[in-house]
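*Asks:* after the sequence you'll find the predicted model.
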Amino acid sequence: MAKSRSVVELTTRFDLGGVDKIRSICLSPHSDSQTLVYLGTFSGSLLLLSLDTLTNIVARLGTVSLSASPVESIFVLGQERGKVLALCNGYLFLVDSLLSQPAKRLGGVLKGINVVARRVRGRESSSSTDLLLLPSEVAGESSSSKKFLQMIGGGSRVSDLKGKDLRREGVLHQGRYVFAVAIGERMLLIELQCDEEDGKGDSFVVLKEIVGIGGVKTLVWLDDYVVAGTDKGYSLISCVTGQSGVIFTLPDVSGPPLLKLLCKEWKVLLLVDNVGVVVDTNGQPVGGSLVFRRRPDSVGELSFYLVTVGDGKMELHQKKSGACVQSVSFGHEGCGPSVLAVDEAGDGNLLAVTTMSKVIFYRRVPYEEQIKDLLRKKRYREAISLVEELDSEGEISKEMLSFLHAQIGYLLLFDLRFEEAVNQFLKSESMEPSEVFPFIMRDPNRWSLQVPRNRYWGLHPPPAPLEDVVDNGLAAIQRAIFLRKAGMDTPVDEEFSSNPPSRADLLESAIKNMTRYLEVSREKDLSHPVREGIDTLLMLLYRALNRVEDMENLASSVNNCVVEELESLLNESEHLRTLAFLYASKGMSAKALAIWRLFAKNYSSGLWQDSDDLVPYLHENELIRLSGKEAAAAEAARILEEPCDPELALQHLSWISDINPLFAIQVLTSDKRTEELLPEKVIQAIDPQKVEIIQRYLQWLIEDRDYNDPQLHTSYALSLAKSALECVEVQNGNQETDTGSREAHDCSVRSISLFELDVRERLQTFLQSSDLYDPEEILNLIEGSELWLEKAILYRRIGQETVVLQILALKLEDCAAAEQYCVEIGRPDAFMQLLDMYLDPQNGKEPMFKAAVRLLHNHGESLDPLQVLEKLSPDMPLKLASDTILRMLRARVHHHRQGQIVHNVSRALDVDSRLARLEERSRHVQINDESLCDSCFARLGTKLFAMYPDDTIVCYKCYRRLGESKSVTGRDFKRDVLIKPGWLVNR
């Protein structure tokens, strides 16, 4: 059970005196500062009191006598009507609001009334049924229940207005003055008709009569349903159809039924002794049951609280949980039945409770004061719960909600509840992140002017560094514990008092949670100075927690840290990696590179040792692990890949390449650089021994950057040639076997690490693709080597075809390449020259008969058989050459005869075309006086005319218009040639 707090406070009391006993009460606001109080007594009198809400003075204004029986209930019909309705002795009485005239009793069928209830429309008032619809209008209603109401004759019985059309008389029936009246075994639905001009014209209209309902003691009418309470239980009655159903029955031994309409939720509270059940307009239970301490005499609704009175006590309960938040005694135990009334028509803050002869007025304490009281008593959870309730009920603005979250957060922070404090800070939309700066860095500092001077309630001390907050908080805890032992009641956290935390733990918690708040604040749209403060102070907090990875992530990302504030501190704590990342992010590349070079030097010299965990490094979106010096070189390379001073790149290139050539290549071949490095300076800066780096750089310049400098191309080719010569020497075993194997392996490893292809393949590819290098200079270098294919490429460049054929055919014995080279030359003598090399290799080498046969087989038709026979060596086995020579001879004869056939066919076609041309020129046509032009249809007579190949005839004028190649039919003889069979085709 929650501790009691002050939701309402006593305003004033009023004692009737005499023998009058209060039976009922009703409140009605008259103005902003005056509330009218109507009291019904057991003696049948209606009293009027006036409460001045400013001075809390109660005045008695008037009295009117209704009957000798108790006044059971009172209804105020609104200020504009100026009427009050009261139930007394089974009758309804109407009286003016100031009780200045005698009361008027409503007669007719309204007698013997047990209870009366006013109709209340909920939020969706348009869905409520209009009880005075005429039967002719039933077709316009979509609801079947409304149609059924008209079919059974709703509104057929009318008192005092018989025979009148209520619509024509302009009777208003918006539900404001419609009542349900329980009389014996029936229930009437009536509407009051009050004539404001003539006080004697008050009357009522019976809208509907529902029978079969008896013993009703309490009623609530909400929209189209009436909830009735009897000694047996609660029923739900439809005012449209008249049908009723049981909600639930009461136990045999239980108190009388009690109903209360909850206007905020538009639901109804049903009580069974001390248990309350909330139902909706359909009678369905909503939520759980509410259990009160005792059975109440009366129930009221005050904001989101339920107020119960009985046995001299008033209790306020939360609607959702039923928890009692305040209990107030207003009379002694057994003081008699009490009645409760709330100013529901006004601001809803005034509450009146009656005993037999007294009226006690209470007013709701403003929620700000309630929250302040809870915070002073350090009941933070209750304060937070109250704020959340206010927010859910819509009784608090967003600005005030943010203010309260911030205020509670400050108090929690000074009470050493750092996690809860930051949670409240994060819920506040109006709190600025710069407000926490004084907790991290002492004033004055760079951001002192950025801290807003927000006005809070003055419940907490001014901001101070977290160390001071922790020290002061611990001192306050010790002081509270001492005072409690001395017998003084002081608010203190029970957990802290029983198990006081250590200063180190509290300080660590404070820093962690403040870090969490700043991390979230980084995502907000803030001014640049505030962003600088957040990132800089966040770095300081990371440093205090020694969260190195977070420090490095913040420094290496886009940040607003102020280097001047962090430089010396990071140096002192030896967080050099973080400082290097910070330098790099701020464009201070020289300082960052100096730190990375220091790292590499210390690791290389053994001054620093790598830990067991290698440094993570993100390379091409892949996380790899590097040693300390490799990580330093990688970060330095990453800086130099970005736009920076070229001299800076050349300065640090050497030590980076010593650690890992790949990183040096990344620097040299970066596409992000805006200012190109001069190739001459780069080559000078690189150690000549690091041949692979130079080659990779030259390859990038030539292939990717399209450099056309002949000297550059020649230098690249010479470098590749030298490397190829070294690899050939190693592979040929010029050195010792073990050493050679190891060096060959190393060469292969280096090639794989920097290049995709072997050095000889790269050399051959470059020699074939480039036209800018000096081939003679390359030849001078490799002249005495075994690089025969490279030599062939170079000799081909300088046009020495014979030497190329000798290398391909005799040195490399690559018959296919030699034959292909002859095809590229395109002369028959090239094949003869190659055949001669195969048959007479010289230098003591045996003739290459198989290669010669292959050549004759593939390209024999291009050779002269006589020359081939002359070239054949007498030592060549006839068996090898006979088939080939025979094919050559047959091909020769076939080619000769094929040529004759083509020659004769060509002659025949020429003769045929000549004959066709002659026939066309020899054609005759007969023209007479009746002949017409096929285009303009004019008579030709003796005019000039022309005839087209399709036998159409036109006059000379049309001929000039149409042209030579296009006839009157539209056929173009240049594009669509007309073919006439000749003698060759006919035969």
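*Replies:* On my side now, so go ahead.
*Asks:* please make it C-alpha for all contacts and neighbour counts, starting now.
*Replies:* Fine.
*Asks:* low-scoring stretches of the stretch 701-850 of the chain, by residue?
*Replies:* Residues of the stretch 701-850 of the chain meeting the criterion pLDDT under 70: 734-756.
*Asks:* which parts of it are helices?
*Replies:* Ranges of helices in the stretch 701-850 of the chain, per DSSP state H, counting those that start in this stretch, are 710-731, 737-754, 759-769, 775-782, 788-797, 801-806, 815-825, 828-839, 849-859.
*Asks:* dump those into CSV; add distance to V253 as well.
*Replies:* Shown next, in CSV, are those (distance: least, Cα to Cα, whole Å):
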stretch, distance to V253
helix 710-731, 110
helix 737-754, 95
helix 759-769, 106
helix 775-782, 119
helix 788-797, 116
helix 801-806, 124
helix 815-825, 117
helix 828-839, 128
helix 849-859, 122
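*Asks:* and of those, who's closest to W596?
*Replies:* helix 737-754 (23.4 Å; Cα to Cα).
*Asks:* most centrally placed residue in the protein?
*Replies:* The chain has E523 as the residue nearest its centroid, 13.1 Å off, counting by Cα atoms, centre = their mean.
*Asks:* ok so that residue is a helix residue?
*Replies:* No - looking at E523 with DSSP: H, G, I helix; E, B strand; the rest coil, it is coil, so not inside a helix.
*Asks:* heads up, I number from 26, so please use that
*Replies:* Sure thing, new numbering starts at 26, so read that last one as E548.
*Asks:* show me what contacts it?
*Replies:* By Cα atoms under 8 Å, 6 or more residues apart in numbering, the contact set of E548 is empty.
*Asks:* distance of it relative to P458?
*Replies:* 11 Å (Cα to Cα, to the nearest Å).
*Asks:* and I620, by the same measure?
*Replies:* 33 Å.
*Asks:* same check on L438?
*Replies:* Taking Cα to Cα, one finds L438 at 15 Å from P458.
*Asks:* how about I99: what's its closest non-neighbour residue?
*Replies:* Distance criterion Cα to Cα, 6 or more residues apart in numbering; nearest residue to I99, sequence neighbours excluded, is A111 at 4.5 Å.
*Asks:* check whether the one you found sits in a helix, strand or coil.
*Replies:* Classified using three-state DSSP, A111 is strand.
*Asks:* tell me what it is bridged to.
*Replies:* Assessed by DSSP bridges, A111 has beta-bridge partners I99, F118.
*Asks:* what sits against it?
*Replies:* A111 sits in contact with V96, E97, S98, I99, F100, L117, F118, L119, where contact means Cα under 8 Å, 6+ apart.
*Asks:* what's the helix or strand containing T603 packed up against?
*Replies:* Per DSSP states H and E, T603 falls inside helix 601-610. The helices and strands touching helix 601-610, judged by 3 or more Cα pairs under 8 Å, 6 or more residues apart in numbering; DSSP states H and E, are helix 573-581, helix 588-597, helix 614-630.
*Asks:* ok now the second one, how far from the chain's centre?
*Replies:* Okay, so that is helix 588-597. 36 Å (Cα atoms, centre = their mean, to the nearest Å).
*Asks:* give me the mean pLDDT for that helix.
*Replies:* The average of the pLDDT scores along helix 588-597 is 94.
*Asks:* so which elements touch that helix?
*Replies:* helix 553-570, helix 601-610.
*Asks:* could I have the shortest one exported to CSV, CA atoms only?
*Replies:* When you say that, I think you mean helix 601-610. Extracted as CSV, the C-alpha positions of helix 601-610 are listed here (Å, rounded to 0.1, in the frame of the first residue of the first chain):
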residue,chain,number,x,y,z
LEU,A,601,48.3,8.1,-27.8
ARG,A,602,46.2,6.0,-30.2
THR,A,603,43.2,8.0,-29.3
LEU,A,604,45.1,11.2,-29.7
ALA,A,605,46.4,10.1,-33.1
PHE,A,606,42.9,9.3,-34.3
LEU,A,607,41.7,12.7,-33.0
TYR,A,608,44.5,14.5,-34.8
ALA,A,609,43.6,12.7,-38.0
SER,A,610,39.9,13.5,-37.7
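*Asks:* if we can go back for a sec, with neighbour numbers in mind, choose between I620 and P458.
*Replies:* P458 (23 against 20; other Cα atoms under 10 Å).
*Asks:* from E667, how far out is the more buried one?
*Replies:* In terms of Cα to Cα, P458 sits 34 Å off from E667.
*Asks:* check G42 too.
*Replies:* With Cα to Cα as the criterion, G42 and E667 are 95 Å apart.
*Asks:* who's more crowded, these two?
*Replies:* Of the pair G42 and E667, E667 is the one with more neighbours under other Cα under 10 Å, namely 16 against 9.
*Asks:* my read is that the more buried one contacts E701, right?
*Replies:* No - at 11.6 Å, E667 does not count as touching E701 under the criterion of Cα atoms under 8 Å.
*Asks:* what do these two both touch?
*Replies:* Joint contacts of E667 and E701 (Cα under 8 Å, 6+ apart) do not exist.
*Asks:* can you pull out the residues in contact with stretch 479-491?
*Replies:* With Cα under 8 Å, 6+ apart, stretch 479-491 has contacts from 401, 428, 432, 435-436, 439, 461, 463-467, 532, 535-536.
*Asks:* G653: which of those is nearest?
*Replies:* Using Cα to Cα, the contacts of stretch 479-491 come closest to G653 at I536, 30.2 Å.
*Asks:* test my guess that that closest one contacts L566.
*Replies:* Yes - taking contacts as Cα under 8 Å, I536 lies within contact range of L566: 6.3 Å.
*Asks:* the two: who's more crowded?
*Replies:* The neighbour count for I536 versus L566, taken as other Cα under 10 Å, is higher for I536 (23 against 20).
*Asks:* SS state for the more buried one?
*Replies:* Strictly by three-state DSSP, I536 counts as helix.
*Asks:* mind checking pLDDT for it?
*Replies:* Reported pLDDT for I536: 97.
*Asks:* which residues does it contact?
*Replies:* L491, L566, A569, L570.
*Asks:* ok, the second one touching N538?
*Replies:* Spelled out, that is L566. No - under the criterion of Cα under 8 Å, L566 is not in contact with N538, lying 10.0 Å apart.
*Asks:* any stretches of the stretch 376-525 of the chain with poor pLDDT?
*Replies:* 514, 516-522.
*Asks:* where do the helices sit along it?
*Replies:* 392-401, 405-417, 423-439, 443-452, 462-465, 491-510, 519-523.
*Asks:* so which of those helices gets nearest L745?
*Replies:* Using Cα to Cα, the nearest of the helices of the stretch 376-525 of the chain to L745 is helix 462-465, at 61.5 Å.
*Asks:* other SSEs contacting that closest one?
*Replies:* Against helix 462-465 (3+ Cα pairs under 8 Å, 6+ apart) you get helix 553-570.
*Asks:* just to be sure, E672 is in a helix?
*Replies:* Yes - per three-state DSSP, E672 lies within a helix segment.
*Asks:* and it, how far is that from I559?
*Replies:* In terms of Cα to Cα, E672 sits 35 Å off from I559.
*Asks:* again with A93
*Replies:* 78 Å.
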